[in-house]
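> For reference, the sequence and a predicted model appear below.
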Amino acid sequence: MKKFYIAKARRLRGTPFSSRIEDQGLTAYTTYNHMLLPAAFEGTEKEYFHLKKYVQVWDVAAERQVQIIGKDSAKLVQLMTCRNLSKSKVGRCYYAPIIDEQGKMINDPIILKLDENKWWISLADSDVGLYAKGLASGLKLQVEVSEPDVNILAVQGPKSFKLMEKVLGPKINKLKFFSFDYFTFKGNKFFIARSGWSKQGGFEVYVKDREAGLNLYDELFLAGKEFNIKPGCPNLIERIESGLLSYGNDFDNGDNPFECGFDQYIDIESDINYLGKKALAQISKGGIKRKLMAVKIDLDKIEIMEEKPLQNGKSLIGHLRSAVYSPNFKKVVGIAMIKKEFWDKKTTFELELNGKKSKGSVCDLPLV
């Protein structure tokens, strides 16, 4: 397959850490929220093994924040998500599907409650800020919607806890999962959450002061030498095996949260008000006819840029949406939207690529 390159432009913003990661061996970018997102250093498989054993620092500044401040901030945030946030607490993070009036997915961010009238929506790849502005304007809500200059560093991997304690002190490891607090490094205060887009454990540092962020970045690599620290990025193998879904890849605005397996984050019983609630109630009543599941395919490599049909004889059982070779399973693993009549884990299928057919089977998510 021919290789192509992303031409940098002002509309594809870099990050405060771009110069650092490019000097550390970055080999590929992708785009995410109109920004450059690091996509490769040494290769997906090498980075996979390293992430599962040591510690990596990721430049994920492309995970942008929508800041909502004001008297009606809680009302606006609730209006966008089907998750009940009426009992949400300051200092906590909430995984929350954002949907439209038809109950279709717009984003699946982490929502952080900074105080009673201040929220950050930490985004996957879509323009939720414009959605929030439109709702606020149309409903004349007393809020201010903006994108603050906040750039996230993720520190991920089993050695991340020892590294962060070494740099920031023992208090950091008292953070509970999906909680955040403020920590001081060289006189600068950092907002840090125990979260991240891997199942290996770690933290996300929300950097507001760019110079202070670069100082922290450099210190992490200096202090992390004993933990075999490396730069990294969200890993395709690890996230598919772990069932971490990607908006725009595994699901999009054509899918609803029930089909994506987000049932535990859907409230259609209480009196909270959000767009798409009636639509989701109807979907729940009728039941879904397809859902995201894992698949295993007898291949040792794969490259897909679009949905691929999965066939069982003459029957179309679903479509493959994301896939990668897994050194753990010694075959390709993926995420696919599967029709209801083929949800049985004994279901097999054929996938045709480049004129050749390969066999596969349906599995539950997550794979590990």
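Received it, and whenever you're ready, just let me know what you need. Numbers count the residues shown, from 1 in each chain.
> Report the rounded mean pLDDT for the top helix by length along the chain.
Using DSSP state H, we find that the single longest helix of the chain is helix 210-223. Taken as a whole, helix 210-223 has a mean pLDDT of 97.
> helices or strands up against that helix?
Other elements packing on helix 210-223 under the criterion 3 or more C-beta pairs under 8 Å, 6 or more residues apart in numbering; DSSP states H and E are helix 18-23, strand 56-59, strand 151-156, helix 160-168, strand 180-185, strand 188-193, strand 202-207. Backbone N, C-alpha and C define where each C-beta goes, glycine included.
> To residue 42, which of those lies closest?
Distance to residue 42, taken as C-beta to C-beta, is lowest for strand 56-59 among those, at 10.9 Å.
> one step back: residues in contact with the longest helix of the chain?
With contacts defined as C-beta atoms under 8 Å, 6 or more residues apart in numbering, helix 210-223 is touched by 16-17, 20, 57, 149, 151, 153, 155, 163, 166-167, 185-186, 188, 190, 205, 207, 229.
> Can you give me the pLDDT of the nearest residue to residue 81 once chain neighbours are set aside?
Once flanking residues are discounted, residue 81 sits nearest to residue 96: 4.2 Å by C-beta to C-beta, 6 or more residues apart in numbering. Residue 96 is assigned a predicted lDDT (pLDDT) of 98.
> wouldn't residue 96 be in contact with residue 265 here?
Yes: using C-beta atoms under 8 Å, residue 96 is in contact with residue 265, at 6.2 Å.
> Counting neighbours, go ahead and name the busier of these two.
Shown here are residue 96 and residue 265; by other C-beta atoms under 10 Å, residue 96 has more neighbours (24 against 17).
> residue contacts, that one?
Listed by C-beta under 8 Å, 6+ apart, the contact partners of residue 96 are 81, 82, 83, 85, 108, 109, 110, 111, 265.
> number of nearby residues for the residue lying closest to the fourth one once chain neighbours are set aside?
For residue 85, the nearest residue in space outside its immediate sequence neighbours is residue 78; the separation is 5.4 Å by C-beta to C-beta, 6+ apart. Taking other C-beta under 10 Å as the criterion, the count of residues near residue 78 is 21.
> what about the spatially closest residue to residue 348 that is not a sequence neighbour, how many neighbours?
Closest residue to residue 348 apart from its sequence neighbours, by C-beta to C-beta, 6+ apart: residue 361 at 5.1 Å. Residue 361 has 15 neighbouring residues, counting by other C-beta under 10 Å.
> pLDDT below threshold where in the chain?
Residue ranges of the chain with pLDDT under 70: 1-3.
> where do the helices sit along it?
Using DSSP H, the helices of the chain run over 18-23, 44-53, 73-80, 128-138, 160-168, 210-223, 236-241, 277-286.
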